[in-house]
Structure formats: structure tokens, C-alpha cells
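Undergrad: Based on what follows, work out the 3D shape:
(2 chains)
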Amino acid sequence: MSVHLLSLLIWLPILGSLPVLAAGEQRPGIARILALLVTLAALACSVPLYTGFDGGTADMQFVERMPWIEAFSIFYHLGVDGFSMPLILLTNFFGVIVVIAGWRSITKRVHQYMASFLILQGLMVGVFAALDGMLFYIFFEAMLIPMFLVIGVWGGERRVYATIKFFLYTFLGSVFMLVGLIWLYLQSGSFAILDWHVLPLSLTAQTWLFLAFFTAFAVKVPMWPVHTWLPDAHVEAPTGGSVILAAIMLKIGGYGFLRFSLPITPDGSSHLDWLIIAFSLIAVVYIGFVALAQSDMKKLIAYSSIAHMGFATLGFFVIFAIMRAAGSDADQQIAQGAALGISGGMIQMISHGFISGALFLCVGVLYDRVHSREISAYGGVANKMPWFAAFVVLFFMANSGLPGTSGFVGEFMVILSAFHANFWYAALAGLTLILGAAYSLYLVKRVIFGDVANQEVAELQDINIREGMILSVLAIAVLLFGIWPAPLIELMQPTVEQLLNHVMQTKVP
Amino acid sequence: MTANDLFIALPELFILGMACLIMLIDLYLPDNRRGIISFFSVMTLLFAGIMVMRWQVADAASVQYAFNGTFVRDSMADVLKLFCFIVLAAVFIYAKHYLRTFNLFRGEYYVLSLFLLLGAMVLISAASLLTVYLGLELISLSSYALVALDRDSRRGSEAAMKYFVLGSLASGLLLYGLSMIYGVTGSLSLANIAETTAVASGNITLIFGLVFVVIGIAFKLGAVPFHMWVPDVYHGAPAAVTMLIGSVPKLAAFAMAIRLLDNGLIPLQGQWMGMLTVLAALSIIIGNLVAIAQTNLKRMLAYSTISHMGFMLLGILSGTAQGYSAAMFYAISYAIMSTGAFAVLIMLSRAGIEAENLDDYKGLNQRNPLLAAIMLMLMFSMAGIPVFVGFFAKWLVIQATLDAGLLWLAVLAVVFSVIGAFYYLRVVKLMYFDEPESEEKVTAPADFRFVLTINGVAQLLLGIFANALIALCIASF
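TA: Purely as a prediction, here's the structure:
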């Protein structure tokens, strides 16, 4: 077991971008192959991360710790637990997918496209692996630069508007977190996130800190009402950008809640959990309706992402309501319900990563052929692309939470957990299963089924082997986690329990 | 005056001697051999750097005084001087290309720049009010002349005139303030002034003097509301001179603030903290907002300078060693960033036309990917995005502000850094997202491209390995 495995996973793609860049504009083929090799190597290196991971402990594993900025006790401190390890695997998995997905559709400045994604991949792994507040912030912010370029250079017509909005929105959210992180350092004399977990803080301080973290992560998730950058960014981004945005970047917001908000400010979270629950439920219900009204496929999936991420945040923050509802004597029940919420939220995030990534890839397949994202430009695609239609139907079914797919597991767990807290939370959240099915099936009906709508659809070619391979792998993942989610749940069980023990104790001195 | 005095001021004397020598050599050089002047100047900086390094002051505690306590050499002075040399050497290499393309290649640029450097060094090492003024005037007079270097340019002459009138006014105000402080304390030595003011900190004349001193500092930094000259001078002066004004004098102005406010008037910290707070907040607000409206890169960078100086003041106003080191880090990283940005501007300029319109940057990525990547790093660094050095600078000053208990100011600073990010992003947008208007090759001499590449990559490396520079800055106080 290598001690520097996490460093390798961060720096291999980042440094791997240099030879890709060196390939230059004239040799796109070499750039593609080099990028594929780097991402495959990164994926191969993440296998020992999974096999070497001890699922029986909540401690940080694969820890690396070196002094970085000594004057302010900032460390290059990496480590993973049950929350971050699956997300790192997901990141490296999608790294490969994105390179393959952009194989033919990207023709302009291929080397820069591939290099941007490689750098992005390394930075995202860094976000999940960082255990030092400043290191986390640096990865968190630096990530914006490659994404800014990806949307702006290879995006659609309104790409400049979308990418600047994306950048400024997320930047504005995160600077408040920076102030919060510095404040925590001045209180504790340390930038270590794990030290902050045990730092006693007054309720007022916790409330302000909670809000500082909230602005950063709520924008990233994104939660209603700060979600407006996401549809724009998704619509304008190239397929690969949308995939990474939906599959990984949104998860960073949810991960931030688990790593920062809940453990550092448990009392603040408990104090303001109504805010997050309210926003999550609005996202689930209202955004579901908004999705129903979309005429642009990417926009519909973007709104559906917001609604699904609402489930994750609901699962994370419903735990306080469970505690209050149960009173003090029903410890067992609390632990069970709360654990369901948190693991349900995590499963929802990972499953949504696969499903939304797959959906954006499906749209990308159509867009490469017809160059339109409008639903009305299609109809009867199944007649010409039967294999593709099968995949699309599967992924949209998963998106609407059909049992047997991974989409069902997370939502079901969160709804069960919400029942422990309040019947109405669960009822409202359950509503989304209907809404989700409605907008998903409505889109499938209009795009896939029916008669062949126009000449362009009539000329469609079914997916080739490259596209078929990507979609098959994702389909297997979606079904696998749907039928047999136990390994993933068990993997994060100790981490969830530790978080709950932590959150249940007040930190107010 | 003893031999030891001369030894302590050796780098300054060396620069003085070389400046005079280069002026003489220049008289006898034919036009086609003038490249040697640039070479001599860079060598001068190299040797001056070696002198400073060789007899470096060991730590913050060991301070050497010379010339009856009017000249001081401490570790802050050494570090700042070294960075002055480094930045100026880069400026000289960039400037050679610029002056050649614009037919301005004369020895005066180098001689005046070296005198400006001498002024900066004297100011950095000032231990008495007179030395402060001496250094300051040497910088100012050299830069007035430099701004008017292109004597056929109406814009340049106008800028020089404006700079001269406003600059003299500011010098006058500063001198007035210094005389009041002298009147109350009866001493020119900053150390003595600190002792005396500790007893008489409530004296109204002293506070009056302080106000004028702060105005003088604010003018030299270009802090709002004493910033009016900055956009005009930045815009009007030849790019090589603008680059110079944005580098060494900023380091000197930082030193001037430390020498006067900390070394001399630290007992009045309660008074000047409030004044600097207002200056910093206004600079950050006005600088960032007005920069958005600019379509000319030089003016945009001028307003961005104003906001950067506001950020630097955040570090100084806390009045703690930590804050000073943060401000010093800011000043150094700003000097490096700004020099690089102007170098890109110079490289894009073609015979007789400066690439100062933002539209000139359209599609730069297609014309010269490396240059675009360097500008990208510089812009993100200025915007304060990690992992570039500009982020660490902003982080340190914000940390100092929070440490001083000014939460509102820290929040204001970060919010306006987001607003400021917009105009840096716009440059990136032009370079990467737009199609080029001209297909002309962008080219420059090898030494220019080499230094510029280092300058750009330094943004990244100084960020990733920020520890060394942070430690150096902290050790200075």
C-alpha cells in the first residue's frame, strides 16, 4: 500500500496535462491518446484506494501530512474516509468517460480541452482528499479556472454569459467561506479540519460560520434560490463539461456540508436546519415543476439535478428534526433514522452522479448528430436508434427513481428517514417521485417514441461502439447500485456513525 | 562619517556610481551600440544584489544604523531592495524591446530608472524624516522625467505635467506634515520621534502633522481619494515607464508607510488606523468598480492598482508585525504581477502602436498560446484565485484584517475582490473565447520571452511554494 497514493491521484492528472498540452494543436490524435492514457492510469491507481480501504473504521486513511506554510501551520494534509473515498473513485471514473465522450465531438483545440479536464480532475480529487482547510479552499477555488475555460471555449452560443455567471456565482459564495476559514484559524491556531471538528464554539459563532459555509456550498450544490447559474452553465457547456459539472462538481457542495457544516457547526446546523430543509423541499417540489416546463433537454436535466440534489441536502439535515421529534429516550431509533438520512443522501449523490452523467452523455449523442438540444427537434428516435433508445429509457427511469436502479435507493432511504422526522417532509419529498417520473417520461415520450418527426431524425445513425461502451458501463453501474447497494452503504457506515455521534453532542462550551 | 557608514550604504553608493558611469558612457556611444547600456544596467542590478546578499542583515533584531542614525539597514530593507533589483532587471529586459520598437532607445531611460531605484533604496532605508523626503523626491523627480520620455507624445507630456503638479502638491503636504512633527518632537530621527510621541500622543499639532503624512503616503500609493493621477499617468506614459512606475515605487511606498507610520508614529496607531481604514475601503471600492468600465488595458490596470493598494493598506492598518508582513508580501507579489502584465502589453505592441485596447487581446490564444497562458496566470493571480500568488497575498491581508477585529472590512474586501474578478475574467474571455482580429505573429527577442515566461510561471510557483516568501516577509518584522 503506497503511502502517497492520494498525492499520486491528484498530481498524476495535473502533471499529465503537460505532455497533452505539448502535443499541440496540430496533433489532436496524440493529445487524445495521451489524455486517455493519463485518465486510465489514474483510474488504475484508484483501484488500490478501494481495495486498501478499511471499511471497519471511521479514521482517516491513506493519510499524508507535510508542512506547507509553516508560519500559519498549514499542512499538505490528505486523507480519505467513507465519504470522500467513493467520491474520489467516482471522479476518476468520470475522468475516463469525459475523455472518451469528447473523442470525436471536440475538434477545436483538442489538446487544451483534454488538458483542462485533466487538471480539473486532479483538483477535484484534491478537494475530496484535503484535510487542511486552506488546502481544501485552494483546490475548491482553483477548480473554477479549468471549468471556466471549458464552458467558455467549447460551449454553445451564450457561453460567455454562462461561464462568467458560473464563475462569479461560485466565487462569491466561496469567499465567505474563506473568511470563515480564516476566522476558525484565528480561534483555533490551526487549519486542520479535524481539529475544527472538536473546537468548542458559541452558538452565535456557529450560526455565522454555518451561514458562511452555507453560502459556499449551497451555491455549489446548487440549492434553490441560488441555483440559477446551473441551467445556464449546463446548457452552454460542452457534453464533457456538463457531465463533470453534474456528476462531480455538484457533489462537492454536498460533501462540503458533511465535512464542514455538520461537524464544525452542529449547533448552528441544528439551529438553522429549517432553512436547509425548506430550501431542499422547495428544490424537490418547485424545481420539479420547473423541469416539467422545459423545452430544452439539457435544461430539463439541469433542473432535475437541482431537484435530486435537494434530496441529498434533505437527507443530511433532516437528522436534527429526527432528534427533536424522537425526544431523548429513543436513542436507537434516532441513530437509525439519522443514519438512514445521511447514508441515503450520500447514495443519492453517487447515484445521481452516474445517472445525470449518463443523461448528459445521451443528450450529447443526439446533439453530435442533429446539433439541437430542443425537445421539439426530435421525435421517434427509437425507430432509428433502437440501442440508444434502450439506454435513454433506462437512464430516465433511473432518474425518476424506479426500483431496481440506483436512483431508487437513495431517494427511498431519504424519504424513510424523513418519516422519522415529520410526515409532511416525507410526503412532500415523496411527491417528487411522481414529478420526476412525469418530466422524465414526458421527455422520453416526445423524443424517443412516436413517429419519426423530421428528415434529420430519419437520417440518424445508431450509437457506435465507443458511445455504446460508455453508456453500457454507466448502465451497469446504475443497475448494480440499484440491486446491490450494500457494499457502498457498509463502506461508509462507520463514518456515518462517527459523524452522528459527533453531531449529537453540543459544541457550545 | 566613518568607513563603516559607507560600507552599510555600499549598494546605494554602487548604484549611484554606476548610474553616473552609464550616463557618461552613453554620451560616447553610437546609436547602434546602445544595447550595451541595457546590459550594463542589468549587470549593475546583479552586482548590487550580490552586495546586499553578501552582507545581509542576519535577522530582524540586528539593525545597522549609518550617517548619524539617518540611514538604517534591517532585514526588511534588504528583502525589499533585493526584490527591487529583481523586478527592475525584468523591467530593463522588457523595456529594451519596447524602446527599440518605439524609437525611444536612449540612455536616459536607464539612467533615470537607476536614479529612481536609488531613491527607492534610500527611502526603504530611511531612518529620519529628511532621508524619507530625500528618497521620495529622488523617486518623484526621476519618474516625472520618465513619464515625459517620449517628448513628441502629447499624451505623455500632459501626463507628466499632471503628475508633476499633483506630485509636488503632495510632496508639499508631506513636508508640511513632517515639519509639524518635527516641531512637536524636536527631532528628525524616526526612533526619537517614536519615543517622544509615546508621551505626547494626544498633541493636536502632532495629529495634524500625521494627517498630512498619511495624505503624502496615500498619494504615493495612489489610494482613493488621492488617486486621480494614477489613471492618467498610467495611460499617458510609455508602457515601459508605466511598468516601471507600477513596480519599484510601489515597494518603496510600502516601505515609506512602514518607516513613517510604524517606525516613527506607532504611538499614534489608534489615529492612523482609522484614516487608513477609510483609504483602504474607498480604494478597494472605487478601484474595482471603475476598472470595470475601462476599455483601455492601461487604464484598467491603473484602477486595478488602486484597488491593490487598498488591499495592501489592509495589512498595514492593523499595526501588527503579522499585518506588515502580509502587506509586504502583497507589495512584492503585486510588483511581480504588474510587471508581467505590462510585459504582455509590450509584447503585443507593434511598431508605434501600443496594444492598450482590450480588443487587441482577442483570440490571443490562437495567435500565441504561451503568451495567452502567461496572461491568464497573471490575470487570475491579480484576481486572487488560488493557487496563484495573488491569492496568498489577499489571504494574508484578509487574515490580518480579521485579526485586527475588522470583520466588516474583511467582508467588504472579499466581496469587492469578486466584483474585481469580473474585469480580469474579461481579459481571459477576450484571449480565449473570441476569435482573433489579426493573424499577425506575436514575437519578441529571446531574452524577453524567456524572462516573461519565468515571470508568468513565477505566479504559479510563488503560489505553490508560498512558504519561502511568506517566511521571508515574516522574518522582516
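Undergrad: How far away from the center of its chain is stretch A:239-247?
TA: Relative to the centre of its chain, stretch A:239-247 is centred 10 Å away, using C-alpha atoms, centre = their mean, to the nearest Å.
Undergrad: For the helix or strand harbouring residue A:117, list the C-alpha coordinates in CSV.
TA: Per DSSP states H and E: residue A:117 is located in helix A:110-129. C-alpha atoms of helix A:110-129 as CSV (Å, rounded to 0.1, in the frame of the first residue of the first chain):
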residue,chain,number,x,y,z
VAL,A,110,-8.3,19.3,-28.6
HIS,A,111,-5.1,19.4,-26.5
GLN,A,112,-6.3,22.3,-24.4
TYR,A,113,-9.7,20.7,-23.9
MET,A,114,-8.1,17.5,-22.7
ALA,A,115,-5.6,19.3,-20.5
SER,A,116,-8.3,21.3,-18.9
PHE,A,117,-10.2,18.2,-17.9
LEU,A,118,-7.1,16.5,-16.6
ILE,A,119,-6.2,19.5,-14.4
LEU,A,120,-9.8,19.7,-13.3
GLN,A,121,-9.8,16.0,-12.4
GLY,A,122,-6.7,16.4,-10.2
LEU,A,123,-8.1,19.4,-8.5
MET,A,124,-11.4,17.7,-7.7
VAL,A,125,-9.6,14.7,-6.2
GLY,A,126,-7.7,17.2,-4.2
VAL,A,127,-10.9,18.8,-2.9
PHE,A,128,-12.2,15.4,-1.6
ALA,A,129,-8.8,14.4,-0.2
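Undergrad: Residue B:179 is in contact with residue B:208, correct?
TA: No. Using C-beta atoms under 8 Å, residue B:208 is not in contact with residue B:179; the gap is 10.8 Å. In short, each C-beta sits where N, CA and C put it, glycine included.
Undergrad: Just the pLDDT for the residue of the stretch 151-300 of chain A found nearest chain B.
TA: In the stretch 151-300 of chain A, the residue that lies nearest chain B is residue A:175 (3.8 Å; C-beta to the nearest C-beta). pLDDT recorded at residue A:175 is 91.
Undergrad: Neighbours of it, how many?
TA: Counted with other C-beta atoms under 10 Å in any protein chain shown, residues neighbouring residue A:175 total 27.
Undergrad: Next, the contact list for it, please.
TA: Applying C-beta atoms under 8 Å, 6 or more residues apart in numbering or on different chains to residue A:175 gives the contacts B:414, B:415, B:417, B:418.
Undergrad: element containing it?
TA: Counting by DSSP H and E, residue A:175 is found in helix A:159-188.
Undergrad: How about residue B:304?
TA: helix B:297-317.
Undergrad: wait, does that helix contact chain A?
TA: No. Using C-beta under 8 Å from any C-beta of the partner chain, we find that helix B:297-317 stays clear of chain A, coming within 12.6 Å at best.
Undergrad: Show the subsequent helix or strand relative to that helix.
TA: helix B:321-348.
Undergrad: quick revisit: which elements pack onto the helix holding residue B:304?
TA: helix B:204-221, helix B:229-236, helix B:239-245, helix B:248-257, helix B:269-292, helix B:321-348, helix B:389-403, helix B:407-433 (3 or more C-beta pairs under 8 Å, 6 or more residues apart in numbering or on different chains; DSSP states H and E).
Undergrad: and of these, who's closest to residue A:286?
TA: Comparison of the helices and strands packed on helix B:297-317 against residue A:286 by C-beta to C-beta identifies helix B:407-433 as nearest, at 27.6 Å.
Undergrad: Could I get the average pLDDT for the closest one?
TA: 91.
Undergrad: how big is the angle separating it from helix B:297-317?
TA: Using axes from the mean of the first three to the mean of the last three C-alpha atoms, to 10 degrees, the direction of helix B:407-433 lies 150 degrees away from that of helix B:297-317.
Undergrad: Could you pull up the mean pLDDT of the strand or helix carrying residue A:354?
TA: Using DSSP H and E, residue A:354 maps to helix A:331-370. On average, the pLDDT along helix A:331-370 is 85.
Undergrad: List, one by one, the residues from chain A near chain B.
TA: A:25, A:67-72, A:109, A:112, A:134, A:137-139, A:141-142, A:144-145, A:148-149, A:152-153, A:159-160, A:163-164, A:167-168, A:171-172, A:175-176, A:178-179, A:182-183, A:185-186.
Undergrad: hmm, back to that, ok, the contacts of residue A:175 vs residue A:438, which is closest?
TA: Closest to residue A:438 out of the contacts of residue A:175 is residue B:418 (38.2 Å), distances taken as C-beta to C-beta.
Undergrad: Quick check: nearest residue in space to the closest one, chain neighbours excluded?
TA: residue A:172 (4.6 Å; C-beta to C-beta, 6 or more residues apart in numbering or on different chains).
Undergrad: my read: that neighbour touches residue A:216, true?
TA: No. Using C-beta under 8 Å, residue A:172 makes no contact with residue A:216, being 9.3 Å away.
Undergrad: Settle it for me: which of those two has more neighbours?
TA: Taking neighbours as other C-beta under 10 Å, residue A:172 and residue A:216 compare with residue A:216 leading, 28 against 19.
Undergrad: Keeping just the C-alphas, turn the helix or strand hosting the more buried one into PDB.
TA: Assigned by DSSP H and E, residue A:216 falls within helix A:203-220. Extracted in PDB, the C-alpha atoms of helix A:203-220 (Å, rounded to 0.1, in the frame of the first residue of the first chain):
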ATOM      1  CA  LEU A 203     -23.900  29.300  19.300                       C
ATOM      2  CA  THR A 204     -23.600  32.800  17.700                       C
ATOM      3  CA  ALA A 205     -20.200  31.900  16.200                       C
ATOM      4  CA  GLN A 206     -21.600  28.700  15.000                       C
ATOM      5  CA  THR A 207     -24.500  30.300  13.400                       C
ATOM      6  CA  TRP A 208     -22.400  32.800  11.500                       C
ATOM      7  CA  LEU A 209     -19.900  30.100  10.500                       C
ATOM      8  CA  PHE A 210     -22.800  27.900   9.300                       C
ATOM      9  CA  LEU A 211     -24.000  30.700   7.100                       C
ATOM     10  CA  ALA A 212     -20.500  31.300   5.700                       C
ATOM     11  CA  PHE A 213     -20.200  27.600   4.800                       C
ATOM     12  CA  PHE A 214     -23.800  27.600   3.600                       C
ATOM     13  CA  THR A 215     -23.200  30.300   1.000                       C
ATOM     14  CA  ALA A 216     -20.300  28.400  -0.400                       C
ATOM     15  CA  PHE A 217     -21.800  25.000  -0.500                       C
ATOM     16  CA  ALA A 218     -25.400  26.000  -1.300                       C
ATOM     17  CA  VAL A 219     -24.200  27.700  -4.500                       C
ATOM     18  CA  LYS A 220     -22.200  24.700  -5.400                       C
END
